[in-house]
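S.K.: sequence first, then the predicted structure, then my questions.
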Amino acid sequence: MSAALLIAAGLVGVAAPARAAEPDLIVNGGFEDGLTGWFVNNGNASDTAVLTPVGDPYSGSAAARVSGRATTGSGPMQDLSGKVRAGTTYAVAARVKYDNPNSPPTKQFFVTMHYGGSTYTNLGTVTATRGQWGLIQGTFTIPAAQNVTTARIFVETPWTSSPQTAPDTHLMDFTVDDVTLSEFLPSTTIEALGKNPGEGNPLISHKFGADGNAFVHDGRVYLYMTNDTQVYAPGPDGISPTNTYGGINTITVISSDDLVNWTDHGEINVAGASGIATYASQSWAPAVESKVVGGTEKFFLYFANNGAATGVIVGDSPIGPWRDERGSLLITSATPGASNGRNWLFDPGVFRDDDGQGYLYFGGGGDDGSGSYENTNHPRSTRVIKLGDDMVSTQGSAQTIDAPLVFEAGHVFKRGTKYYYSYSSNFGHSGPVDPAGPPTGAIAYLMADSPMGPWTADTYAGVIFKNPGTYFGAGGNNHQSVFKLGDDYYFTYHAQTLNRRITGGATQGFRSPHIAKLAFRPDGTIQEVTGTFDGVPQIKRLDPYRTVQAETIAWQQGIATRRISNAPDLALTDVDNGDFTSLSSVDFGSGAASVETRVRPLAAGGTIAVRLDARTGPVVATIPVTGTTGEWTTLRAVLGGVTGVHDVYFTYTGPAGADLFEVDSWAFRPSAAVTATAESRCVAGRAYVAVRARNDGTAAVGVTLQTPYGSKQFPDVAAGASAYQSFTARAASVPAGSATVRAGATEVTAAYLAVTCS
């Protein structure tokens, strides 16, 4: 049996985004019950060895030692007959260590399957270093025609015909621990570096998001997206089947106030049996607007129920909670003027004008198969309709929009007195294209003086953005939105850039959000946008002296996010050795003294390093992740007087192959400049110690006053303000002493005199 041939044949698993599913098919894989379930490989008459339980484990309290091996295949074995199935994919892992000083400094080990007779397959491998635990890991698929009635698994070293000629090289003793074998389940965790540090696009790289619709509220932009990640299912080769959109019934939300650091707010369960709108099956291409209704501001999320209809749910904030107030779909074929029998009723775009009147733009489809010039260039398949005062009903009849070569993705914004209707042009037409109109698959636009238009071919104004394939090498559909933040306008679009970086160039229709600056000519027309990885400049620096959610990220690699039970926020999860997250342009001002994080340890030996300006930049704090496994805890570390503006990188290290911990939040504490005074005094025959601390710094800080007679905390003392407390000694006198004042990570003392009160 040749290991090289087995690997060359593609039967050995390669690194892939996978996780092992319960239950584990291995009995007593950690050898905590001695050798129960294990025996020495006896597949050949010459395979002999001694298997002994030992107290030298990788984890737990025990492991198994194999000695006296006669062949390279003489190792610990377990019977899997009746447990594994032909045609099924599995994930395997095991820890192995050897320590013979006469053996080579490194040695390859395998986990191997013996199906019976002469049929063997290497399932996973590692080249271990002498004296150190190595991790064997792999994924594999049992061939569909393979007989598995006598399947057994064992650990071995590479086969050689005459191992006895060099036993220290080929037949060394070794120890095995933590053997697992479970059915492979795909993981949506993206391990590839999908966004290079310094790039602004894609906006996020730990998940996908398409059809982004931007909504600005209180100085923050929220981007609502079709959740492509919901149908992302990479196989053992790391490649997912093509995105068909059919299984998407959730909406992904991210937000930012600086356009570089984006916070992941997770998903909204919009449609389906467990969704908010149970009468809908899908949720694509969201659009959001707000309005004060009945004295309360409400938020309205419109979504496409595939191509057949449009629905709406209502929230109490830009991130919910969300509810169904209407009880049925908003736009259907029964909506007056909505349908011509051929057009889709999807891709909602919502706009609320200055007078409070709301409008909904929807529809799409552009080819009836006739191949006619008129149908190709003027399909008249999109619509606009007024919304009721409640924003969950419609008024009157929908009006037709005659946008040249229109296909989908209608969106409206206002600038000055002009209204702009943008859309995606068709790229699957059967007739000739008018050269005076937009190119295929592009974002084009019309201009008008009213939200209702009239939107005709005469108002066509040009192209905002060509198809993403023009810039990124992967085309596909096109979708956009425009928003204003501060004094500037911005343009969002999607592209398959993250998908390409995961696969090395191929795409399967998984889209990622991008952003660009939008500029206008003096006549109000729009300058064409170019797709880049640059994104846009960061418009404000990040304030570290507050709680920053760990799922606020500029750049990262290898992490995922999940919602914490009974909390609106998410946490970083699937944090492995070598992963990192980061924050862009963090303004530490006159100095930070410490950093704290809320974490949930999952494995022993995890560490977080805080670095400046690069993933491999100087370490300014190290946080050993300690605490009770599975329990949330807050950990702190001292910083070395970090000042000014820096990118901050959090790099994660720990045992290979283990999920290290989960991270909820970060908070930095400023280096405080504080003036402290204390005095003793008498009041009505009683002695008191009075302490005052003034914050001489430039940022608010928490202050603690402490004396032998009590202490007092002030959580947020503004710059230039003071904290004051008088402590009674409950006696007629106090000896001379001192009070301690802690401001952030700074500690000072203030002396007071003895006093006797007669």
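M.R.: Nice, I can see it. Please read these numbers as outputs of a predicted model, since none were measured by experiment.
S.K.: would you map the helices across the stretch 351-500 of the chain?
M.R.: Here the stretch 351-500 of the chain has its helices, by DSSP state H, counting those that start in this stretch, at 373-377, 469-472, 497-503.
S.K.: and those helices, which is most packed in?
M.R.: helix 497-503 (a mean of 23; mean count of other Cβ atoms under 10 Å). Just so you know, the C-beta spots here come from the backbone N, C-alpha and C atoms, and that holds for glycine as well.
S.K.: so in that sheet, which strands flank the helix or strand following that one, and in what orientation?
M.R.: Past helix 497-503, further along toward the C-terminus, the next helix or strand under DSSP states H and E is strand 512-518. Taking DSSP bridges as the criterion, strand 512-518 forms sheet pairs with strand 488-495 (antiparallel).
S.K.: the strand it pairs with: which residues count as buried?
M.R.: Tyr489, Tyr490, Phe491, Thr492, Tyr493, His494, Ala495 (16 or more other Cβ atoms under 10 Å).
S.K.: and the first one, how close does it get to Val216?
M.R.: Tyr489 sits at a distance of 11 Å from Val216 (criterion: Cβ to Cβ, to the nearest Å).
S.K.: overlap in contacts of those two?
M.R.: Phe483 (Cβ atoms under 8 Å, 6 or more residues apart in numbering).
S.K.: surely Ala637 meets Val610?
M.R.: Yes - counting by Cβ atoms under 8 Å, Ala637 touches Val610, with 7.4 Å between them.
S.K.: model confidence over stretch 672-692, on average?
M.R.: Average pLDDT, stretch 672-692: 91.
S.K.: before we move on, the earlier item: Throw the helices of the stretch 351-500 of the chain into a markdown table and include mean pLDDT and distance to Tyr420, thanks.
M.R.: Output for the helices of the stretch 351-500 of the chain, formatted as a markdown table (pLDDT from 0 to 100; distance: least, Cβ to Cβ, whole Å):
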| stretch | mean pLDDT | distance to Tyr420 |
| --- | --- | --- |
| helix 373-377 | 95 | 21 |
| helix 469-472 | 97 | 21 |
| helix 497-503 | 96 | 26 |
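S.K.: now the ones you listed as JSON lines including distance to Val288?
M.R.: Converted to JSON lines, these look like this (distance: least, Cβ to Cβ, whole Å):
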{"stretch": "helix 373-377", "distance to Val288": "32"}
{"stretch": "helix 469-472", "distance to Val288": "27"}
{"stretch": "helix 497-503", "distance to Val288": "23"}
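S.K.: quick one, strands of the stretch 351-500 of the chain?
M.R.: Ranges of strands within the stretch 351-500 of the chain are 358-363, 382-387, 394-401, 406-415, 418-425, 443-448, 460-465, 480-485, 488-495, based on DSSP state E, counting those that start in this stretch.
S.K.: burial measure for Ser240, as a count.
M.R.: By other Cβ atoms under 10 Å, 21 other residues sit near Ser240.
S.K.: enumerate every residue touching it.
M.R.: Contacts for Ser240 (Cβ under 8 Å, 6+ apart) come out as Pro186, Tyr232, Ala233, Pro234, Gln508, Phe510.
S.K.: these, buried ones only, as a ChimeraX selection?
M.R.: Command for ChimeraX that selects the buried part of these, burial taken from 16+ other Cβ under 10 Å:
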select :186,232,233,234,508,510
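S.K.: between the contacts of Ser240, which sits nearest Ala723?
M.R.: Nearest to Ala723, judged by Cβ to Cβ, of the contacts of Ser240 is Tyr232 at 51.8 Å.
S.K.: got the phi/psi numbers for Val84?
M.R.: phi -100, psi 160 (degrees, to the nearest 10).
S.K.: tell me how far stretch 43-57 lies from the chain's centre.
M.R.: In terms of Cα atoms, centre = their mean, to the nearest Å, the centre of stretch 43-57 is found 44 Å from the chain centre.
S.K.: just the terminal-to-terminal distance for that stretch.
M.R.: Chord length of stretch 43-57, first to last residue, is 27 Å (Cα to Cα, to the nearest Å).
S.K.: pull out the buried residues from that stretch.
M.R.: Under 16+ other Cβ under 10 Å, the buried positions of stretch 43-57 are Gly43, Asp47, Ala49, Leu51, Pro53, Pro57.
S.K.: which of these fall in helices?
M.R.: Using DSSP state H, no member of these falls in helices.
S.K.: ok, back up a step: got any residues that touch both of Ala637 and Val610?
M.R.: Common neighbours of Ala637 and Val610, using Cβ under 8 Å, 6+ apart, are Val595, Ala621, Thr622, Ile623.
S.K.: measure the last one to Thr634 for me?
M.R.: Taking Cβ to Cβ as the measure, Ile623 falls 11 Å from Thr634.
S.K.: the more surrounded of those two?
M.R.: For the pair Ile623 and Thr634, the greater number of neighbours falls to Ile623 (18 against 12), based on other Cβ under 10 Å.
S.K.: part of a strand, is the more buried one?
M.R.: Yes - counting by DSSP: H, G, I helix; E, B strand; the rest coil, Ile623 is located in a strand.
S.K.: surely it and Pro601 touch.
M.R.: No - look at Ile623 against Pro601 with Cβ under 8 Å: they stay out of range, at 11.3 Å.
S.K.: without its sequence neighbours, what residue ends up closest to Phe427?
M.R.: Excluding its sequence neighbours, the residue lying closest to Phe427 (Cβ to Cβ, 6 or more residues apart in numbering) is Gly441, at 3.6 Å.
S.K.: what is the neighbour count of that neighbour?
M.R.: Look at Gly441: counted by other Cβ under 10 Å, it has 21 neighbours.
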